[in-house]
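> Provide a 3D model corresponding to the input given below.
(2 chains)
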Amino acid sequence: MPTDNMKALMESIPLPDELRERAGAGIAAAAAARPGFGLLRGRRSQRPARRRALAIAAALLALLVLSAGIANHDRVWAALRKTFQFAPGTGVVTEEESPSERYVLKKPIVLKVYKGEVTITGMVVGEDMTYITMAGKQAPRVEQLDVVNGQGKQYTIERSMGSWGGDEWTASFWHKGKLDLSGEVKLVLPLPEPVETSAVLERADGAASYAELGKTATAGGLSVTAIADRVGDRARISLVAPPQESYWINSYGIGWPIRYGSEDQLSVQDEAGRPLEVTWVRGTGAPQSELYFPLSERQGAKYVMTIPEISVLYRGEATVKVPTTSQDALNKTFDIAGFPVTITKTERIGTDALRIYTDLHWDAKPDRSLYNLDIEGKGGMAKLSESTGAVEYMEFEIKPDSKEVKLTFVRPYVAIRGPWTFEWSADEIKP
Amino acid sequence: MRDILDLIKRAQQGDSEAYATLFGQYEAELYRAAYVYMGNAEDALDVVQETAYRSYKSIRSLKEPRYFKTWLVRIAIRCATDAYRKRRREAAWMPSYAETLVARDETDIPLAISLQSLLELLDETERQVVVLRYYYDLTIREAAEAMEVPLGTAKTLLYRALAKLQRRAGEEGQDAYR
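Numbers count the residues shown, from 1 in each chain, chains lettered A, B, ... in the order given. Predicted structure coming up:
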């Protein structure tokens, strides 16, 4: 048997330098695509248990605080007199009846750190909390951050969340309670060779509605606001959307299409229809909501951004029982979050695996399609349709002697069809 | 093994750094297999990245951590197959080989093959079965399951692949004596 020869042959294939980076990028993308997944992470074993517990609690609290604005849909829609404040770089929109003073970092700060760079993407300082977001590339990860106010008082803020992949990382720092920070402050990354920079925290602008924050487009019942500003020679676009009762957005399609196999991808074109390169600094969680594109000095320059689809994650689950034998015409239909799913047939794979073929009824609704879902507690794999991106079959392990298996389907992912189109003239993207 | 199980457990709890460490132990193997299947480095990197993406996305539902590698390889095969099909949309899902063909003893095969021969001579399914059988050390039955083809088809593919390689090895051997 030529196993050794084959192995020797295979080992002769050189490994590219970017292998680790690409694997890391895949992991980071998966972490970002799955909300709440990949946010509590490494080095935990190096921490004392109490500190670990506090870190986890802080992370969860941070999520709760950040989710506060999206917790009550009815209140949001009734909030005609409320004030909305957007913190650039963080993706956070707060809404209050009596707006409190908040200070934000209006432009990102890029720092050269060793051979790479760290971008302080956003800061928001409020009455109840301070929240800072950061992204690094080819730079050491930052575990804590020192912030010094104009009077020389120093606050140390621990990292509350972070994600890593390849040579990129993101992190957020959260402090519960009020910190005396406004105007010019000093930020210190306490690395072996500390890195310092100054930052100006400006009072957050208030708006009466999402639509006042930026240009708004609506499709499939979902309104998306694109907040544009200028950062150097690029436009920064921040996407925000009012909270929805039945789902939340998990991807705008920045960087890759919503559905596997889809050709449609978020794009920006100039007035001549030429595509512009879209880049982004990785955000701290899903959805990635900020992107950049280059600005032109041409007179009459215009920019059109098109979002073809938005992926949302519905709340909902459904439990069904299926036989563990091969059945060609099972055709068992159930409903999850209002979307029909048919298990058309089952196929026993060996002694300990079952494949279920699914019809997600791609055309069941005119403006949105269920394209993916998970089975709670089941490992396995799925095959996706190239044309629709919908799951065609799912395969998972079963007990060899079982007659049937109970499956709980969860996390229905739905693609809402757009397009959402936004157009800016050059003078609408202001410094 | 215990370390691997610990990394899997941590990854299932959302520790992406642990998963990066875990995946790092297999990425070279996955890359090389993908390289043979796809035939070039860039596509192979795409396959590795997609495998990392899909596997971490579904790691939470992996029930049998001791079968992690098998599970990962299957995902990699699926990613490679999808990528190949996407690259060549006209390609048939799977050639319909006659299952009545019986593969002969697979141990009677050439030893002196070059990577170039492997890439040039074999089509994607033949490359896949060779890699699964001789690089991942799967049995032919396991390879068939991983490729989602009947056992007879996998045997036929392997037979054809080895026959091609044997012919080339003979030609290269003759060249060497000229």
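> Can you list the strands that the helix or strand hosting residue A:200 pairs with?
Using DSSP states H and E, residue A:200 falls within strand A:195-203. In the sheet, strand A:195-203 lines up against strand A:103-105 (antiparallel), strand A:183-189 (antiparallel) (DSSP bridges).
> Those into a markdown table, with extra columns for mean neighbour count?
Where you see a C-beta, it was placed from the backbone N, CA and C, and this is true even at glycine. Conversion of the strands paired with strand A:195-203 to a markdown table gives the following (neighbours: other C-beta atoms under 10 Å in any protein chain shown):
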| stretch | mean neighbour count |
| --- | --- |
| strand A:103-105 | 23 |
| strand A:183-189 | 17 |
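> continuing past the helix or strand hosting residue A:355, what's the next helix or strand?
Counting by DSSP H and E, the element that carries residue A:355 is strand A:353-359. Per DSSP H and E, strand A:353-359 leads on to strand A:368-375 as the next helix or strand towards the C-terminus.
> same for that next one, what does it pack against?
strand A:339-349, strand A:391-397, strand A:404-425 (3 or more C-beta pairs under 8 Å, 6 or more residues apart in numbering or on different chains; DSSP states H and E).
> before we move on, the earlier item: from the contact counts, what lies against the next helix or strand after the strand holding residue A:200?
Counting by DSSP H and E, the next helix or strand C-terminal to strand A:195-203 is strand A:206-207. Helices and strands touching strand A:206-207, as assessed by 3+ C-beta pairs under 8 Å, 6+ apart, comprise strand A:83-87.
> And residue B:15, how far from chain A?
5 Å (C-beta to the nearest C-beta, to the nearest Å).
> what does the strand holding residue A:355 contact?
Residues from elsewhere that reach strand A:353-359, judged by C-beta atoms under 8 Å, 6 or more residues apart in numbering or on different chains: A:322, A:324, A:341-349, A:380, A:390-398, A:405, A:407.
> how about the CA coordinates for stretch B:11-30, as PDB?
Extracted C-alpha coordinates of stretch B:11-30, given in PDB (Å, rounded to 0.1, in the frame of the first residue of the first chain):
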ATOM      1  CA  ALA B  11     -14.500  26.000  21.400                       C
ATOM      2  CA  GLN B  12     -18.000  24.700  21.900                       C
ATOM      3  CA  GLN B  13     -18.300  27.300  24.700                       C
ATOM      4  CA  GLY B  14     -17.400  30.000  22.300                       C
ATOM      5  CA  ASP B  15     -13.700  30.200  22.700                       C
ATOM      6  CA  SER B  16     -12.500  31.000  19.200                       C
ATOM      7  CA  GLU B  17      -8.900  31.200  20.300                       C
ATOM      8  CA  ALA B  18      -9.100  27.600  21.500                       C
ATOM      9  CA  TYR B  19     -10.700  26.600  18.200                       C
ATOM     10  CA  ALA B  20      -7.900  28.400  16.300                       C
ATOM     11  CA  THR B  21      -5.400  26.300  18.300                       C
ATOM     12  CA  LEU B  22      -7.300  23.200  17.500                       C
ATOM     13  CA  PHE B  23      -7.800  23.900  13.900                       C
ATOM     14  CA  GLY B  24      -4.200  24.800  13.600                       C
ATOM     15  CA  GLN B  25      -3.300  21.200  14.300                       C
ATOM     16  CA  TYR B  26      -5.100  20.100  11.100                       C
ATOM     17  CA  GLU B  27      -4.800  23.100   8.800                       C
ATOM     18  CA  ALA B  28      -1.700  21.900   7.000                       C
ATOM     19  CA  GLU B  29      -3.200  18.500   6.300                       C
ATOM     20  CA  LEU B  30      -6.400  20.100   5.100                       C
END
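> could you give me the average pLDDT of it?
For stretch B:11-30, mean pLDDT rounds to 90.
> how far does it sit from the chain's center?
The gap between where stretch B:11-30 is centred and where its chain is centred comes out at 19 Å by C-alpha atoms, centre = their mean, to the nearest Å.
> circling back to that earlier point, show me what counts as buried in the strand holding residue A:200.
Neighbour-count burial for strand A:195-203, counted by 16 or more other C-beta atoms under 10 Å in any protein chain shown, picks out A:195, A:199, A:201.
> The first one against residue A:117, yeah?
I take that to be residue A:195. No: look at residue A:195 against residue A:117 with C-beta atoms under 8 Å: they stay out of range, at 10.3 Å.
> what do the two both touch?
With C-beta under 8 Å, 6+ apart as the test, residue A:195 and residue A:117 both reach residue A:111.
> Pull the contacting residues for the closest residue in space to residue B:45 that isn't next to it in sequence.
Distances taken as C-beta to C-beta, 6 or more residues apart in numbering or on different chains place residue A:22 nearest to residue B:45, at 4.7 Å, with adjacent residues excluded. Going by C-beta under 8 Å, 6+ apart, residue A:22 touches A:166, B:45, B:46, B:48, B:49, B:52.
> Great, nothing more from me.
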